[in-house]
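Participant: after the sequence you'll find the predicted model.
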Amino acid sequence: MLGTSDYGDVADDPAIWVDKTDPARSLVIGTNKDPSRGGLYIFDLQGKILDSTTAGQEYNNVDLRYDFRLGGQLVDLVGATNRETNSIDFFAVDPTSRELNPVGSVPTGLSNIYGFTMGHTADGKYYGFVSTKDGTVRQFELEDSSSRVGGNAVRTFDVGSGWVEGMVADDQTGALYLAEENVGIWKYGADPAS
């Protein structure tokens with residue numbers, strides 16, 4: 001069992017980073033929403049805490065994508081919604097030390113951000129999707145901005161009357177699935193032109 005040692009609804013929405021050279025060294029990266037000790041927690045596959053970014057940040061959802069080009073190198077990119085700053089904070093996984101290195105932050109221009117996922121399309125573009133409790137979803141195209149992750153808003157839409165948190169992008173089919181709580185699951189295209 002994984003845990004952050006804090007009480008209440010603090011551990012949330014993890015992502016699994018798979019070590020391509022040694023799958024036994026893979027990681028579970030999850031959030032700790034405790035306002036005073038929050039951050040991202042890195043666990044091994046046995047549930048042991050290896051590291052954390054305990055900076056008092058209120059991270060809520062986390063996702064990752066492999067092989068993002070940053071500073072002339074391919075990195076495995078982790079992103080998380082930061083509810084304190086209403087931004088998406090990004091980290092690169094160091095495959096040797098299995099630590100997260102901060103590589104940028106993208107302000108969303110939204111209030112009360114909540115859910116988050118990332119996607120990668122066949123044409124090589126990477127996207128971040130962030131939602132709010134009122135059903136707004138904003139999509140950012142992610143890019144290398146002087147060896148830091150930057151993002152440009154390319155689409156904003158409203159799912160409906162309800163709160164959207166759970167999201168996942170299917171990179172193979174180009175579909176984006178959004179869970180509107182107490183309503184249902186919506187399917188959109190991940191391409192901002194869809």
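Facilitator: Nice, I can see it.

Participant: what residues are bridge-paired with residue 170?
Facilitator: Taking DSSP bridges as the rule, residue 170 bridges to residue 175.

Participant: how many residues are close by it?
Facilitator: Residue 170 has 12 neighbouring residues, counting by other Cβ atoms under 10 Å. (Glycine included, C-beta is placed from N, CA and C.)

Participant: in contact with it, which residues?
Facilitator: 119, 176-177, 190 (Cβ atoms under 8 Å, 6 or more residues apart in numbering).

Participant: can you put those residues in a markdown table and add distance to residue 61, neighbour count and pLDDT?
Facilitator: Shown next, in a markdown table, are the contacts of residue 170 (distance: Cβ to Cβ, whole Å; neighbours: other Cβ atoms under 10 Å; pLDDT from 0 to 100):
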| residue | distance to residue 61 | neighbour count | pLDDT |
| --- | --- | --- | --- |
| 119 | 14 | 23 | 97 |
| 176 | 14 | 22 | 97 |
| 177 | 14 | 15 | 97 |
| 190 | 17 | 23 | 94 |
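
Participant: secondary structure and distance to residue 92 for those residues - can I get that in a markdown table?
Facilitator: Shown next, in a markdown table, are the contacts of residue 170 (DSSP: H, G, I helix; E, B strand; the rest coil; distance: Cβ to Cβ, whole Å):
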| residue | secondary structure | distance to residue 92 |
| --- | --- | --- |
| 119 | strand | 18 |
| 176 | strand | 24 |
| 177 | strand | 26 |
| 190 | coil | 22 |
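
Participant: the residues you listed: which two are farthest apart?
Facilitator: Distance extremes for those: the farthest pair is 119 and 177 at 10.6 Å, using Cβ to Cβ.

Participant: what do the two both touch?
Facilitator: 169-170.

Participant: now render the contacts of residue 170 as a markdown table, adding distance to residue 21.
Facilitator: Compiled in a markdown table, the contacts of residue 170 are given as follows (distance: Cβ to Cβ, whole Å):
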| residue | distance to residue 21 |
| --- | --- |
| 119 | 25 |
| 176 | 30 |
| 177 | 31 |
| 190 | 29 |
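
Participant: what's the closest of those to residue 184?
Facilitator: residue 177 (10.6 Å).

Participant: am I right that residue 18 is in contact with residue 26?
Facilitator: Yes - counting by Cβ atoms under 8 Å, residue 18 does reach residue 26; the two are 4.8 Å apart.

Participant: just name the shakiest helix or strand of the chain by mean pLDDT.
Facilitator: strand 11-17 (a mean of 84; mean pLDDT, DSSP states H and E).

Participant: give the residue spans of this structure that score low on pLDDT.
Facilitator: 1-12, 35, 37, 54-56 (pLDDT under 70).

Participant: so where do the helices sit in it?
Facilitator: Shown for the chain, no helices are assigned by DSSP state H.

Participant: residue contacts, residue 95?
Facilitator: By Cβ under 8 Å, 6+ apart, residue 95 lies in contact with 19, 21, 76.

Participant: reformat the residues you listed as JSON lines; add neighbour count and distance to residue 52.
Facilitator: What follows is those, written out as JSON lines (neighbours: other Cβ atoms under 10 Å; distance: Cβ to Cβ, whole Å):
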{"residue": "19", "neighbour count": "15", "distance to residue 52": "19"}
{"residue": "21", "neighbour count": "6", "distance to residue 52": "24"}
{"residue": "76", "neighbour count": "20", "distance to residue 52": "18"}
